[in-house]
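> need a structure here:
(one chain, ligands or ions: 1)
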Amino acid sequence: MTLKHPKGPAAPARDLVPAHVFMLEGDEIPRHRLPDGELPPDVAYQIVHDELMLDGNARMNLATFVSTWMEPQAERLMAECFDKNMIDKDEYPQTAELEMRCVNILGRLWHAPDAEQATGCSTTGSSEAAMLGGLALKRRWQQRRASEGKPAETPNLVMGINVQVCWEKFANYWDVEMRLVPMEGDRLHLSAEEAVELCDENTIGVIAILGSTFDGSYEPVAEICAALDDLEARTGVDVPVHVDGASGAFVAPFVDPELDWDFRLPRVASINASGHKYGLVYPGVGWIVWRDAEALPEDLIFWVNYLGDNMPTFALNFSRPGAQVVAQYYNFLRLGFGGYAKVQGYAREVATRLSAEIAGLGPFELITNGDELPVFAFKLEDGVENYTVFDVSSAVRERGWLLPAYTFPKNREDLAALRVVVKRGFSHDMAGLLVDDLRKQLPRLEKQPQPAHDSTTATSFHH
Ligand SMILES: Cc1ncc(COP(=O)(O)O)c(C=O)c1O
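Modelled structure (predicted):
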């Protein structure tokens with residue numbers, strides 16, 4: 001099966017015509033068919049390089065949560081490891097050792113009861129980590145049901161409608177009913193009360209997000225756990241919690257150390273995080289850690305040869321790049337707790353100051369202000385009818401800013417917002433340039449007779 005681009009072929013069927021400077025005049029190189037022969041590497045490089053100039057500038061991409069800047073030393077280490085396959089534990093034992101150290105570091109950071117024995121692994125990102133976390137929840141529930149002699153055909157997973165698409169994929173690919181709590185009024189993420197209402201004996205777990213992709217807000221993990229404790233006391237139904245800490249698991253430990261969201265809460269069975277988001281590594285590395293070996297059923301584990309010994313692995317892919325794991329370890333070593341706290345603290349300072357300045361521009365109202373994840377969402381004030389958030393997004397794109405506009409899900413489809421993800425490499429200075437550009441565009445937008453873009457005509461943005 002070929003996955004078709006929804007708008008038809010992504011590129012015109014024109015062939016490539018190399019520039020004269022390459023002295024290949026007259027030659028045409030097919031775009032969508034393998035060329036008959038070879039090209040000199042410099043020519044091939046230049047053609048690909050030139051085409052990629054049309055991509056947005058990653059450093060001006062305020063939509064992505066993924067790291068867009070790393071230190072040159074980290075880049076050098078990554079280049080040294082481009083050829084290492086993470087699964088070849090026997091051939092690259094030191095890379096495997098660094099992965100285990102990272103798991104131990106994260107186990108300790110997230111207060112696993114026995115960090116020496118931390119159970120976890122690297123993945124390609126939070127999506128894969130979420131699949132593994134979900135699979136462990138499902139298998140544990142199946143085993144418990146079997147031991148009780150009860151049917152296990154209709155598992156469900158409870159979460160807020162604001163979950164990232166990876167949870168929809170998990171539910172779809174592994175036949176688990178998704179029980180979604182809609183948004184209501186100003187409640188734009190999961191609450192404890194609503195979560196518990198949807199739980200029953202077939203609930204394999206509750207997903208709590210730290211923090212929400214839509215607006216950067218933290219879901220109340222401790223309250224959700226307490227409500228589930230109460231449910232168990234009342235009914236005997238024991239529902240574990242998986243924390244999707246894609247971003248927040250690398251933020252909260254450093255700048256919100258008092259917040260109870262991790263393995264300090266006995267009900268938290270597993271946590272995923274994206275090394276390539278606030279873990280500060282280029283894409284793609286993610287992490288999952290279980291509270292203890294019991295939380296990860298033995299029969300999900302595969303064994304690979306490692307220094308003549310057997311090493312447990314749990315992953316969807318077999319081959320996977322080792323460079324990102326090495327870069328994660330570099331960051332841990334280089335920054336330490338204090339360095340991470342400084343980086344995340346600075347991002348939060350930039351986010352809160354920028355959100356205040358945007359609020360001060362006049363037509364905007366903040367939905368969040370960046371004081372949880374360094375991420376905030378804002379909307380147009382009520383009464384602005386002649387332009388939309390999608391027009392604002394298009395207007396600043398003229399200067400290269402990728403500022404996403406989107407509508408919220410059920411029951412707040414009426415809410416259209418813009419969102420800024422502040423991350424390492426985005427300074428107060430750059431934030432000031434963004435505010436200047438927004439300010440410059442407003443008079444033109446205010447004179448516009450009617451909206452030019454809505455969610456159907458603007459560049460689409462999906463969570
Ligand atoms: C809360 C949350 N979960 C999961 C994901 C998916 O993460 P990844 O892109 O690392 O697969 C994201 C990505 O933005 C996210 O914000």
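
> what helices or strands is the lowest-mean-pLDDT helix or strand in the chain leaning on?
Across the helices and strands of the chain, mean pLDDT, DSSP states H and E gives its lowest value to strand 309-313, namely a mean of 74. Secondary-structure packing of strand 309-313 (3 or more CB pairs under 8 Å, 6 or more residues apart in numbering; DSSP states H and E): strand 302-306. From N, CA and C alone the C-beta is placed, and that goes for glycine too.

> Could you find the closest non-adjacent residue to residue 226?
residue 192 (6.9 Å; CB to CB, 6 or more residues apart in numbering).

> Give me the sheet partners of the least confident helix or strand of the chain and which way each runs.
strand 302-306 (antiparallel) (DSSP bridges).

> I'd like to know how far residue 169 sits from the ligand.
According to CB to the nearest ligand atom, to the nearest Å, residue 169 stands 10 Å off from the ligand.

> Just list whatever residues bridge to residue 61.
Beta-bridge partners of residue 61, as defined by DSSP bridges: residue 402.

> Pretty sure it sits against residue 68.
Yes. Residue 61 is in contact with residue 68 according to CB atoms under 8 Å; the separation is 6.3 Å.

> Can you pull the residues that touch both of these two?
Both residue 61 and residue 68 lack any common contact, where contact means CB atoms under 8 Å, 6 or more residues apart in numbering.

> Comparing these two, which shows the higher neighbour count?
residue 61 (20 against 17; other CB atoms under 10 Å).

> how about the residues of the stretch 51-200 of the chain that lie near the ligand?
65, 125-127, 130, 164, 166 (CB under 6 Å from any ligand atom).

> try 8 Å
65-66, 124-130, 163-167 (CB under 8 Å from any ligand atom).

> top of those residues by neighbour count?
residue 129 (32 neighbours).

> How about the secondary structure of it?
helix (DSSP: H, G, I helix; E, B strand; the rest coil).

> could you list every residue that touches it?
Contacts of residue 129 by CB under 8 Å, 6+ apart are 123, 272-274, 286-288.

> returning to what we had before: any idea how far the ligand is from the residue nearest to residue 226?
18 Å.

> cool, and residue 210?
For residue 210 relative to the ligand (CB to the nearest ligand atom), the value is 8 Å.

> what's the burial count for that residue?
27.

> Now do the same contact list for the residue nearest to it when sequence neighbours are not counted.
Leaving out its chain neighbours, the residue that sits closest to residue 210 by CB to CB, 6+ apart is residue 248, at 3.1 Å. Residue 248 is in contact with 209-211, 218, 261, 278, 372-373, counting by CB under 8 Å, 6+ apart.

> Name the member of those with the most neighbours.
residue 373 (32 neighbours).

> which parts of the helix or strand containing residue 48 are buried?
Following DSSP states H and E, one finds residue 48 within helix 41-52. The neighbour-count check on helix 41-52 (16 or more other CB atoms under 10 Å) flags 43, 46-47 as buried.

> same question, stretch 444-457
445, 451-453.

> Kindly report the same for stretch 299-314.
For stretch 299-314, using 16+ other CB under 10 Å, the buried residues are 304, 306, 311, 313-314.

> coming back round to it: got the contact list for the least confident helix or strand of the chain?
With CB under 8 Å, 6+ apart as the criterion, strand 309-313 contacts 87, 89, 96, 121, 301-305.

> now, the most widely separated pair of the residues you listed?
121 and 305 (16.3 Å; CB to CB).

> For the chain, which segments are assigned as strands?
Secondary structure of the chain (DSSP state E): strands at 119-123, 156-160, 177-181, 203-209, 241-244, 268-274, 286-290, 302-306, 309-313, 364-366, 375-380, 405-407, 416-421.

> Which one of these has the poorest average confidence?
Lowest mean pLDDT of those: strand 309-313, a mean of 74.

> Can I get that strand in CSV? Just the C-alpha atoms.
Presented in CSV, the C-alpha positions along strand 309-313 are these (Å, rounded to 0.1, in the frame of the first residue of the first chain):
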residue,chain,number,x,y,z
ASP,A,309,25.1,-12.5,28.1
ASN,A,310,21.4,-12.0,27.6
MET,A,311,20.0,-8.5,27.9
PRO,A,312,16.3,-7.7,28.2
THR,A,313,14.8,-5.3,25.5
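
> can you give me the angle it makes with strand 119-123?
70 degrees (axes from the mean of the first three to the mean of the last three CA atoms, to 10 degrees).

> any idea how the chain splits into domains?
1-55, 75-331, 346-446 (automatic domain parsing).

> Out of these, which gets nearest to residue 338?
Using CB to CB, the domains of the chain put domain 75-331 closest to residue 338, at 8.9 Å.

> quick one: terminal-to-terminal distance for the closest one?
11 Å (CA to CA, to the nearest Å).

> do stretch 289-303 as well
First-to-last residue span, stretch 289-303, CA to CA: 18 Å.

> Number of residues surrounding residue 203?
Neighbour tally, residue 203, other CB under 10 Å: 24.

> Kindly report the same for residue 55.
8.

> cool, and residue 298?
Neighbours of residue 298 (other CB under 10 Å): 9.

> What of residue 98?
22.

> On the pLDDT front, check it for me.
pLDDT at residue 98 comes out at 96.

> what are the ranges of the helices in this protein?
For the chain, the helices defined by DSSP state H occupy 41-52, 72-81, 93-109, 126-147, 165-173, 192-197, 221-235, 252-255, 323-359, 389-397, 428-447.

> quick one: contacts of the last one?
Residues from elsewhere that reach helix 428-447, judged by CB under 8 Å, 6+ apart: 59, 62, 349-350, 353-354, 357-358, 361-363, 386-387, 391-392, 395-396, 398-399, 401, 403, 420, 422.

> If any of those are buried, give me the ChimeraX selection for them.
One line in ChimeraX is enough to select the buried ones among the contacts of helix 428-447; burial here means 16+ other CB under 10 Å:
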select :62,350,353,354,357,358,363,387,391,392,395,396,401,403,420,422
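
> So what sits opposite the nearest residue to residue 103 once chain neighbours are set aside in the bridge?
Distance criterion CB to CB, 6+ apart; nearest residue to residue 103, sequence neighbours excluded, is residue 120 at 4.3 Å. Listed by DSSP bridges, the beta-bridge partners for residue 120 are residue 289.

> ok, residue 120 to the ligand distance?
In terms of CB to the nearest ligand atom, residue 120 sits 15 Å off from the ligand.

> got the buried residues for stretch 154-165?
For stretch 154-165, by 16+ other CB under 10 Å, it's 155-164.

> same thing with stretch 404-418?
Neighbour-count burial for stretch 404-418 [16+ other CB under 10 Å]: 404-406, 408-409, 412, 415-418.

> Let's have those residues in a markdown table, adding distance to the ligand.
Below are those laid out as a markdown table (distance: CB to the nearest ligand atom, whole Å):
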| residue | distance to the ligand |
| --- | --- |
| 404 | 12 |
| 405 | 17 |
| 406 | 13 |
| 408 | 15 |
| 409 | 14 |
| 412 | 18 |
| 415 | 18 |
| 416 | 20 |
| 417 | 16 |
| 418 | 17 |
